[in-house]
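Peer 1: Show me how the following folds:
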Amino acid sequence: MKPKTYKLTLFILLLSPILYAQQISGIDSLLSQYENAGEDTSKIALIGKIYNYYLYRDPGKAVRFAKEEIKLANKLQNTKGQSLGYYHVGVYYNNTGNPDSAMYYYGKAMQLAKNIQDHELMSNINHAMAISVFYRGQLDEALKMTGETIELNKRNHDSVGLAISLDFMGMIHQNMGNYNIALQYLHDGLMIFEKVGDSIRLADAYTHLAVIEANLKNHLKSIEYNHKALEIYEKYNDTYYQSQALNDIGQTYLLIEDYENAKNYLDRSLKKSTEANSRSVTGTVYTNLGKLQVQLNQPEQALDYLDKALKIQIELKEIRKQIITKNQIGQAYNTMNKPTLAMPVLSEVIDIADSIDSKSTLRYAYQYRSESFKRLSNYEDALKDYEKYKEISDTLFNIEKSRQIEELRTMYDLKQKESDLAIQKKEISVLNSEIKLANIKKVSYATGMISFIFIAALVYYSLNQRMKKKEIERRKQEEILKKEIEFKKKELASQTLHLVQKNTFLQELKENLERIKNSPELFKMEFRRIVMLLKKENASDKDWEVFKSYFSEVHDNFDKKLMSVYHDISEKELRMASFIKMKLSTKEIAAMLNVLPDSVLKSKYRLKKKLNLEKETDLYQYLNSL
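Peer 2: Numbering: from 1, shown residues only. Here you go, the predicted structure:
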């Protein structure tokens, strides 16, 4: 019996654009570096590379390294490393069929990435989350999330990330039955992969094009694309994606009724998916082996495979895959001439497929249920279901859509060369028409354009020169202001030092007077000289005014700001506040004011009280914030 449905496994790119470097270090070298590395951020990056190597070769080892990555990042308090670690664990759980766990770790990774505004990492995580919701059958939500990822990649100028998102957008549309839109997205992504020379991504794009070609019934072309992809995956020893490609090749052979090749490739895929511990792919292979047995008219063996597939898909909550499998279960019951068993299964498929807008699955459910009604001699309902099957088929494969898709496919095959040729032909045609109209008109137009360009160039040059002149003047002014500030800072420091030295001198002088007052001979001799020195070095109000002037200019009118907030502040309190703002010590302030340090502490306490500050408030920090 010729198959009536076709749906290939979706190849997904979960990792960041650096996952598959064209020249990845050998694993032995990476492990050696890991063993000898110190516990720093470079070791986090090294663990990420080892994880990438093992992810599709030995997932168990990969997740162990991902958890080591989280542990080290937590120890170093490295937010990006933490986010990457959670993201890597999420990828592992998604690939091994645990979507709930995957979404949990993706959520933790996304929150950390948002905290540090790492847009590239946010884009990768968002893409992975879109894949998870896709597998749950939430296609509209997957479209929305992928659209957001595309915008992120555009803003980040991330070409590879953009290509991945475009490619995935195409696959979502393909599963919604929008083949012309899907092909356009896939071609856009493929062109970017070719341009940047990313062979592993190119392999993924080949598999997606194979899906579209198969839906267009270009089966040999589909097999050709999948073989190109398989060759690249084998080169990279990528077990996971080898299993995907082998499954799709086997399913395509199933469509063209080459059952021997179909069985061969599906068996190889089952072995690889088990080796990669990918239960999702294993479930899909079981579904396809069930289809094969149905077509070989061996429904009992088919049900054995299909039951295994359904058990995995229910456990993984893969709604879309469940209804594909149940469709085949219904058809197996029809083949066994047990329509009463087929009816409830197919009716359930119709309800679910309609709710998630899976047109391709829905139409075949109607076809199979029509066959069930026919076997029960209920020809009226059989006709109704068949008409619905035809209606959906016509919607998906009308002539206009097929023509548009074929045109897009041809554009891809011819690539840029034919596109350039078409542009040249159009330009020649336009030029010939213009020549026929009038040569004079052309010359006048060209002259006008040249004049316009010349004038525009003059205006632009003039504006540019003016802007340059203003920029030079602005920089000169900035330099002058900078020098003035530096000068005033030096003067303030000098003035402060002068006050400290002067008051230190006065203190020492006072001590000397105490020493000589009991010696009349020494007192008479020194008295006149001491009086003259005191007059000269006396801390006058003039000294304070000079200090205050420099301080105000350097500290942006601090005294005026303080007085505007606290109107009743005294001159002494203002002077104390200025010294504190300059971060002078209690001893230095005492020397400047010619008082004991205890007096300074009391003055600080009174100032704090005047400013209505709490006891625990730091006076310097408060004054510095004004």
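
Peer 1: Please parse this protein into its domains.
Peer 2: Under the assignment automatic domain parsing, the domains of the chain span 278-397, 415-478, 490-625.

Peer 1: need the least confident one among these, by mean pLDDT.
Peer 2: With a mean of 61, domain 415-478 has the lowest mean pLDDT of those.

Peer 1: I'd like the distance between residue 247 and residue 303.
Peer 2: 20 Å (C-beta to C-beta, to the nearest Å). No exception for glycine: its C-beta is placed from N, CA and C like everyone else's.

Peer 1: Between those two, which is the more surrounded one?
Peer 2: Higher neighbour count among residue 247 and residue 303: residue 247, with 27 against 20, using other C-beta atoms under 10 Å.

Peer 1: was I right about the more buried one contacting residue 262?
Peer 2: No - counting by C-beta atoms under 8 Å, residue 247 does not reach residue 262; the two are 10.5 Å apart.

Peer 1: Report the set of residues contacting both of those two.
Peer 2: Contact criterion C-beta atoms under 8 Å, 6 or more residues apart in numbering; residues shared by residue 247 and residue 262: residue 288.

Peer 1: Can you get me a residue count around residue 284?
Peer 2: 31.

Peer 1: Secondary structure element for it, which one?
Peer 2: If you go by DSSP states H and E, residue 284 is part of helix 279-295.

Peer 1: Give me the next element, helix or strand, following that helix.
Peer 2: Downstream of helix 279-295, the next assigned helix or strand under DSSP H and E is helix 299-315.

Peer 1: For that following helix, buried residues please.
Peer 2: Buried residues in helix 299-315, counted by 16 or more other C-beta atoms under 10 Å: 299, 302, 303, 305, 306, 308, 309, 310, 312, 313.

Peer 1: Just the closest of those to residue 30, please.
Peer 2: Nearest to residue 30 out of these is residue 312 (C-beta to C-beta; 33.1 Å).

Peer 1: which residues sit in contact with that closest one?
Peer 2: Residue 312 neighbours (C-beta under 8 Å, 6+ apart): 97, 279, 280, 282, 283, 286.

Peer 1: what do you get if the cut-off is 10 Å, keeping everything else the same?
Peer 2: Residues in contact with residue 312, defined by C-beta atoms under 10 Å, 6 or more residues apart in numbering, are 97, 279-284, 286-287, 318, 321-322, 325.

Peer 1: try residue 368
Peer 2: Applying C-beta under 10 Å, 6+ apart, the residues contacting residue 368 are 4-5, 326-334, 339, 342-343, 345-346, 349-350, 385, 389.

Peer 1: for residue 178, same thing?
Peer 2: Here residue 178 is in contact with 170, 172, 184, 185, 359, 396, 401 (criterion: C-beta under 10 Å, 6+ apart).

Peer 1: Give me the pLDDT for it.
Peer 2: What the model reports for residue 178 is a pLDDT of 76.

Peer 1: Residue 577 touches residue 623, doesn't it?
Peer 2: Yes - between residue 577 and residue 623 a contact is recorded at 5.8 Å, counting by C-beta atoms under 10 Å.

Peer 1: shared neighbours, those two?
Peer 2: Listed as contacting both residue 577 and residue 623 by C-beta under 10 Å, 6+ apart are 558, 562, 607, 611.

Peer 1: The third one touches residue 619, doesn't it?
Peer 2: Yes - using C-beta under 10 Å, residue 607 and residue 619 qualify as a contacting pair, with a distance of 7.1 Å.

Peer 1: Overlap of the contact sets of the two?
Peer 2: Joint contacts of residue 607 and residue 619 (C-beta under 10 Å, 6+ apart) are 576, 577, 580, 613.

Peer 1: Highest neighbour count among these?
Peer 2: Ranked by neighbour count (other C-beta under 10 Å), the shared contacts of residue 607 and residue 619 have residue 577 at the top, with 23 neighbours.

Peer 1: Secondary structure element holding that one?
Peer 2: According to DSSP H and E, residue 577 maps onto helix 571-581.
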